[in-house]
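Enquirer: curious how this folds, go ahead:
(chains A, B, C and D)
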Number of protein chains: 4
Amino acid sequence: MSKGLVVLAYSGGLDTSCILLWLKEQGYDVIAFLANIGQDEDFDAAQKKAEKLGAKKVFIEDLRSEFVQEFIWPAVQANAVYEDRYLLGTSIARPCIARRQVQIARQERAQYVSHGATGKGNDQVRFELTCYALYPQIIAPWRIPEFYSRFRGRKDLMEYAENHAPSDLYQMTKNPEDSPSEPDVLEIDFAKGVPVRVTHVKEGTSKDTPLELFCYLNEIGGKHGVGRIDIVENRFIGMKSRGIYETPGGTILLHAHLDIETFTMDREVRKIKQSLGIKFSELIYNGFWYSPECEFVRHCIDKSQENVEGRVQLSVFKGQVYILGRESPKSLYNEELVSMDVQGDYDPCDASGFIKINAVRLREHNRLQGAAQKTL
Amino acid sequence: MSKGLVVLAYSGGLDTSCILLWLKEQGYDVIAFLANIGQDEDFDAAQKKAEKLGAKKVFIEDLRSEFVQEFIWPAVQANAVYEDRYLLGTSIARPCIARRQVQIARQERAQYVSHGATGKGNDQVRFELTCYALYPQIIAPWRIPEFYSRFRGRKDLMEYAENHAPSDLYQMTKNPEDSPSEPDVLEIDFAKGVPVRVTHVKEGTSKDTPLELFCYLNEIGGKHGVGRIDIVENRFIGMKSRGIYETPGGTILLHAHLDIETFTMDREVRKIKQSLGIKFSELIYNGFWYSPECEFVRHCIDKSQENVEGRVQLSVFKGQVYILGRESPKSLYNEELVSMDVQGDYDPCDASGFIKINAVRLREHNRLQGAAQKTL
Amino acid sequence: MSKGLVVLAYSGGLDTSCILLWLKEQGYDVIAFLANIGQDEDFDAAQKKAEKLGAKKVFIEDLRSEFVQEFIWPAVQANAVYEDRYLLGTSIARPCIARRQVQIARQERAQYVSHGATGKGNDQVRFELTCYALYPQIIAPWRIPEFYSRFRGRKDLMEYAENHAPSDLYQMTKNPEDSPSEPDVLEIDFAKGVPVRVTHVKEGTSKDTPLELFCYLNEIGGKHGVGRIDIVENRFIGMKSRGIYETPGGTILLHAHLDIETFTMDREVRKIKQSLGIKFSELIYNGFWYSPECEFVRHCIDKSQENVEGRVQLSVFKGQVYILGRESPKSLYNEELVSMDVQGDYDPCDASGFIKINAVRLREHNRLQGAAQKTL
Amino acid sequence: MSKGLVVLAYSGGLDTSCILLWLKEQGYDVIAFLANIGQDEDFDAAQKKAEKLGAKKVFIEDLRSEFVQEFIWPAVQANAVYEDRYLLGTSIARPCIARRQVQIARQERAQYVSHGATGKGNDQVRFELTCYALYPQIIAPWRIPEFYSRFRGRKDLMEYAENHAPSDLYQMTKNPEDSPSEPDVLEIDFAKGVPVRVTHVKEGTSKDTPLELFCYLNEIGGKHGVGRIDIVENRFIGMKSRGIYETPGGTILLHAHLDIETFTMDREVRKIKQSLGIKFSELIYNGFWYSPECEFVRHCIDKSQENVEGRVQLSVFKGQVYILGRESPKSLYNEELVSMDVQGDYDPCDASGFIKINAVRLREHNRLQGAAQKTL
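Expert: Below you'll find the predicted structure:
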């Protein structure tokens, strides 16, 4: 008799294939669920493999559109970057995948959900925090001693294979040394802080659905080797780990969004929003997409984007993104006001009062310090 | 009879030359002070020019070493970046220059200090907030109606010249399109969060005094077109303005320091320090280097750097800086702990408890929301 | 011929009466505007006085309801407190008054607005920042040398009178030493973070319109001497000043709101909201109620209050507010979960994993410190 | 044969007595450690009880002085308050107790440390995070199923007893309704942000060692019913719980320190320090006293206190603390500067420029909003 039905997040790879087999061996019925979030994968082959390994059903689901719109776009609005460098690509995918997995589990009346994330990583947390309220019965084999003792050997082997195949490290991006010696110039239109159209200036071609647009930016960024990083990062569970990431489209969008945002957003709103964005990035990284605080922060960030609208022109070249210019109907940039030749509605004498009043506090401080000599 | 003695921050250019003349015309005696902070300038020619224009004395002072050590190094420790993009090059120079100017004024018993910063910019604030406690008698001609009405014409002319000379825009950095097609690989050693040696791996050459080291990074960065940006920024006085900057050495140091810092600093210390760094950047930008809060923040950031020590290897190529690796005797990266194959002093089962306890709050939230269906 | 029409914020007191006269003397026509925001004032007498002094028109407007709902309620939601102590009573009133003054100026086609705030205080800033976008023609006599030189004498006199009349210092609150020796017990019902009903438990009476409710809390708080403070505060213009304030109703609401908020709001949302509340308080104090950042922060805080609903029971006695209990349909407090006797849906063993994983980072830190002895 | 030696944090109460017995029953040798941090306890009786129950050794240690100086004083400097209300009394005691317990364990060559904190509370975390790096062998019986299943009955009983003895709830503070009808007026002298002397103005008596001073404030505060709160708080493990606390001395010090700090600290330093203080409070509450981030924050806060020096006069009465005045040689309060009658070194006209420049941004925002009408 079956111990129950498990929906397994299946990748098609060695790890989750082992888990599928092991779950069956332990007496569970297994549904394999493979999400397409844009990874390079032979989904048909994966389906056949899962069936051959004994999956009762196989769900292969194209989540790309919802991934881009509901998960990547809010990250673009937030300028989401973890620890100043990591653009959170895979971190954002986890709640998207887990959400669908829970829906399948519910629909198929499964008792359990399972995944192949290891016991030292972030993904176990991201996966399970999404699931917990709903499916407390999570099976995490890499945290079950019987499992990880048995399969350590294969894991070693697999790791070895992975570690000795450096050509696979970057799959989306070319090495900048081998990338074209001509830049591509793009124009990206934003509305409410998300991209709504990208145009290749020379070729005159455009993309304007979220998925196409994002794939196109991945393609152009990848062609020019944009968005590769080799970092050490701080995992939620308290370890430092090394990560090698590539986020070509995301990197282009980060540059473009930062630019149009500063162009259209008030300085002080920007400061507050910046700190919310840092918080948001941390929440995503740690797996708290579905939490009251993340919902709150997303709402606030979304509110801040009401006027983030306009067009950014940029050049993509040899691993870099260069902003060439920007324009917007909502711009707070006032050429006349800022001009050195035109006074505009601005009296330079006011600056004297502004500076003097700002100095009141500093002068009091110095008065107390007792001596100019000491300070300078 | 003289109206008094003025120490003028003199640049050798058209603007401050006009000011020098005008001050004399108004009846002041003028001392010209020209600081060498590494700009590309013919100092001898400037000296002669100032003398010819009637300066009573000319001070040309090499502040490069103190600029690097006392101003740039703290900015490196802080990962100082204003509004996510601007590396604050000129902003940091102002307090360094103004400090010396005040010293000269005091030594020469001058009654006034003066500068050529315009009435709509940030530099007037940066300059004057540094001076205020000590020399309230600041003469800021660009905020004096008699001056700016009279010289508007020349200003126009000069602006015109500047604006129509795009080849001069970038002076330190090559266009990445014209930069070498071979990267340079460097190793930078840090101690207490500041660089203490840079080595060109292939050539085997090293620099280890602050000034030489920084100049060398400017040279290498410049050669590869690193650190050019074209941004819109928010001035302290409330306007948005466009800025085009190049910070080749600073950009290399930012990448390298971020890397060694994350490698050696505790995650939670890093978070607190990151917010202090953002505050510090804003203070520098707004001209508050010499303020109690900036002194406080500098002290705290410096404290955070005690263990930021080690070597970063990086490649500079076509406008980009790529981190290749890092090592440190103070690293908090523990290869055994993080390894997927070795359990180390870590029990994967603990992660289950960690995740479940983190989920307590989320489950309560969901319980109240009343329905899983609603959330997902 | 008239120099133009001025709408003057008139208080009925000596200061603004002088200003009214002086403006007329200078050749302006003056409309006196006196806002009723709940202060203790003989409005009829003030009207007559203004007319007698030569005001062309006198507007006396009851702004109490809008003041409570549109200004005080958001401050209650925010737990607004400046520098940990000041409840911002008068600060919140300024934008409410200035808003109406600008409406009157527009409706009456006046060219100017004017006020009696002094040149060293916060109120000038609060008033004028509200007005600026709309009526750049502000006349601020206390910053006009002709005015303040002439009237300094009278000012001195008046100040003297004020300073030597300590019995007037507190007008709303009794001295706690003289207050009743029996507490009053109230129940306050909240919805979306604002009070919707207050009930006197013993007397069984209730108030449920915002204005009545707030006045009642002022009355009860005043009777028991609640909300008096004597502080030193930091003005926006950079000075420290001494302030003596009384905020009886506001103090009761702060205690009650803090309590119901913590009861119904997720911990992490609370943290983020707390920092927004601190920002909000600073914005109000500095006069930025009508600014993009304050609008943004108000929106975010309002969003955070969606579930802040329930009833708080409290006792008011001898200058203090004591929370006696709270109840809410939206409470996140789960008696079973927290009980020491019932396990509930909680496995104490999970706490072991939680603590151990939280210690991973600390142990790495200590490992590096090299020696337990050193740390402890 | 013994399973090993355990140092148990012993309270003298029912709970830890059960644990002592149970540990012996399980085959351990037990050292009982009872810390005196100022609680009301018959230490001799506790010693005898522990011996009778079979403790191999009993350590009773007076930690009061180090508790006040090394733990309470930093909290005073920080104005440490968790979630705006809780003054962290017991939270601060945990690391002090655990530190000594680890020292004893090391000195006695014990293999284990143990405590009686329950599995749902904060104290288990506070205790164990302090110990972890050093004594990973922690025995936490309330998280061991064999223990908590067996003793649940007694626990129930004990809880019952506790819950039905309301007269014990507050042990240090009188009910304000029964407190004296005459205030006590105190003067507290601070140096570097910590109290160095307290004087009873009328009686002319003083205390100036940390322990005596703190005990005296507890006594005076207790006599007047100061510092009682009934709150709901958010535990680190994700639950909300109800807490009833009394912190008489701490409450007096919080009021006094806030006052002298604002009097002597620059406004902007204060803002930064305030956010560090909130962080510090959270770290203490969650048990991270011995963590790199808490050490860092303590260092920064301590630095901020360099000039926090002077005397505060206050009155304690009927549950309240009223600040009456303050004086300091390091005051940044400048009576002449702030005076309405004396111009001092301040030109009111500067305020016009200050306000206008602050309004530049707001006017741009409004210009874009297109219409004054819309905003106001």
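Enquirer: only C-alpha atoms for contact and neighbour calcs from this point on.
Expert: Noted.
Enquirer: which non-adjacent residue is nearest residue A:256?
Expert: Take residue A:256 and drop its neighbours on the chain: the residue closest to it by CA to CA, 6 or more residues apart in numbering or on different chains is residue A:312, 6.1 Å away.
Enquirer: what lies in contact with the helix or strand containing that neighbour?
Expert: In this structure, residue A:312 sits in strand A:310-317 according to DSSP states H and E. By CA atoms under 8 Å, 6 or more residues apart in numbering or on different chains, the residues outside strand A:310-317 that reach it are A:180-191, A:220-221, A:224-226, A:256, A:259-260, A:321-330.
Enquirer: sheet partners, orientation included, of it?
Expert: If you go by DSSP bridges, strand A:310-317 pairs up with strand A:184-191 (antiparallel), strand A:320-327 (antiparallel).
Enquirer: for the last one, list the C-alpha coordinates in PDB.
Expert: Backbone C-alpha positions of strand A:320-327 (Å, rounded to 0.1, in the frame of the first residue of the first chain) are rendered in PDB as follows:
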ATOM      1  CA  GLN A 320      28.900  46.600 -20.100                       C
ATOM      2  CA  VAL A 321      25.800  48.600 -20.300                       C
ATOM      3  CA  TYR A 322      26.200  52.300 -21.100                       C
ATOM      4  CA  ILE A 323      23.400  54.700 -20.600                       C
ATOM      5  CA  LEU A 324      23.300  57.100 -23.500                       C
ATOM      6  CA  GLY A 325      20.300  59.300 -22.600                       C
ATOM      7  CA  ARG A 326      16.800  59.400 -21.300                       C
ATOM      8  CA  GLU A 327      13.600  61.200 -21.900                       C
END
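Enquirer: any idea of the mean pLDDT in the lengthiest helix in chain A?
Expert: In terms of residue count, the longest helix belonging to chain A (DSSP state H) is helix A:348-369. Per-region confidence: helix A:348-369 scores 87 on mean pLDDT.
Enquirer: just how off-centre is it within its chain?
Expert: Distance of helix A:348-369 from the chain centroid (CA atoms, centre = their mean, to the nearest Å) equals 44 Å.
Enquirer: show me what it is packed against.
Expert: Packed against helix A:348-369 by the contact rule (3 or more CA pairs under 8 Å, 6 or more residues apart in numbering or on different chains; DSSP states H and E) you find helix A:372-375, helix B:123-131, helix D:348-369.
Enquirer: deepest-packed of those helices, please.
Expert: Burial of the helices and strands packed on helix A:348-369 is given as mean neighbour count (mean count of other CA atoms under 10 Å in any protein chain shown); helix B:123-131 ranks first at a mean of 26.
Enquirer: now what about that one, what contacts it?
Expert: A:355, A:358-359, A:362, B:91, B:94-95, B:98-99, B:102, B:115, B:117-118, B:138, B:140, B:285-290.
Enquirer: so after that helix, what's the next helix or strand?
Expert: Next along from helix B:123-131, by DSSP H and E: strand B:138-139.
Enquirer: any part of that following strand near chain A?
Expert: No: contact of strand B:138-139 with chain A is not found when judged by CA under 8 Å from any CA of the partner chain; the minimum separation is 9.9 Å.
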